[in-house]
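**Student:** quick one, fold the following:
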Amino acid sequence: MKFLRWVLSILSPQRGESEFPNNVYQLLQDAHTHMRSEDYGKARPLFLEAIASRDNIKEPETISYILMSLGSTWLLTEQLEDGIAFFSEYIIRYPEDSRAYGERAAVLWYSGRLQEAIGDYSRALELQPGDILSLSGRGQVLAEAGEHRRSMEDLNLALVTLKTVSRPDSSWDKFYEQVEAFVHNGRGLALAGLGESAWAMDEFEVSIRLSPDNAWVYHNRAQVYDRAGSREKANEDYQKALTKKSPALTSNRKALAQARVRELSNS
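**Tutor:** Numbers count the residues shown, from 1 in each chain. The predicted model follows:
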C-alpha cells in the first residue's frame, strides 16, 4: 500500500509541535519528506526513533500512523523478515495494539505465509472489530488461500463499512478510494474462485478505475484469464502487471509473471 495520505491531517500546522512528546513532531515531518521522495531507508530510522516514545504519545491515531508507515517501509523495500522481526518484538511489549497485528499480517502475506497472516488479521479484528484495513487484508489473503466464501464475508463487510465511515475531511478521500480499490480486487479474485467469472471481471474493472496503477489487480485478473484458457488476455494482463508500480508486484510475483509471459508468448 502507498504511503497514507492522511498523514497530512496528523502533521497539519494547526496541531503544532506542542502536541507531540520530545522531538516526535520533527521526526515525523522529516520522515514524511523522505516517504514522499520514496527514500524509505532514510524514513525508517526516523519512524523507529518516533515509536520509541510510544508510551508518551497520547493519540492512538498517531501510533497507528507510525506503525503503518513503518510497515510500508519494509513492504516497499521487500525487507520482509526485518519487518516481521520488528512487529513480533513490538507485540510482545504491546500485545493489545491491533495495528501492530495488522501490519505484521501484511508483511507475512507478502512473505507468502498466508495462514499466519490470516491469524494476525483475525487477532487485529478481535482487538478492533470492523477495522477496514484488517477486513480488507484478511479478505484478500483468504481469497489467495482458496477460502473464497469466507473471503467474501470480510470483503463485503469492508465495503459496507467504507460506505458508512465518517471522514474528518476531504484529505482522507484518496486513502479510502485506494482501500476500496483493493477490496474490489479481492472480491474479483474470490468471485472467480466461486465460479462467478462475469461478476469477477466487473469487480476487477471497478478496482482498476479506482486505482489504475495497482499491479496486483492486473496480476489477479491475468490468473483468472489464464485458468479460463484466455491466453491472449492473460498475457496482456501479466505484462501490464509487470509495468505498474502503485503498488508493484513483489519480486517473486514478478518472476512468476515474467515466466508465464514467456510461456504464453512462445506458445
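
**Student:** if you count contacts, what does the helix or strand harbouring residue 25 end up packed against?
**Tutor:** If you go by DSSP states H and E, residue 25 is part of helix 24-36. Where contact means 3 or more Cβ pairs under 8 Å, 6 or more residues apart in numbering; DSSP states H and E, helix 24-36 is packed against helix 7-10, helix 40-51, helix 60-77. Quick note: C-beta positions are derived from backbone N, CA and C, even for glycine.

**Student:** now the angle from the second one to helix 60-77?
**Tutor:** The directions of helix 40-51 and helix 60-77 differ by 150 degrees, with axes from the mean of the first three to the mean of the last three Cα atoms, to 10 degrees as the criterion.

**Student:** circling back to that earlier point, CSV for the helices and strands packed on helix 24-36, including mean pLDDT, distance to residue 214 and mean neighbour count?
**Tutor:** CSV is the format used below for the helices and strands packed on helix 24-36 (pLDDT from 0 to 100; distance: least, Cβ to Cβ, whole Å; neighbours: other Cβ atoms under 10 Å):
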stretch, mean pLDDT, distance to residue 214, mean neighbour count
helix 7-10, 46, 20, 18
helix 40-51, 96, 19, 19
helix 60-77, 94, 14, 21
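
**Student:** with residue 260 as the reference, name the closest of these.
**Tutor:** helix 60-77 (23.3 Å; Cβ to Cβ).

**Student:** orientation of that closest one relative to helix 24-36 in degrees?
**Tutor:** Using the same axes, to 10 degrees: helix 60-77 against helix 24-36 is 30 degrees.

**Student:** ok so, going back, now do the helix holding residue 25, average pLDDT.
**Tutor:** The average pLDDT for helix 24-36 rounds to 91.

**Student:** got the buried residues for that helix?
**Tutor:** 24, 25, 27, 28, 30, 31, 32, 34, 35 (16 or more other Cβ atoms under 10 Å).
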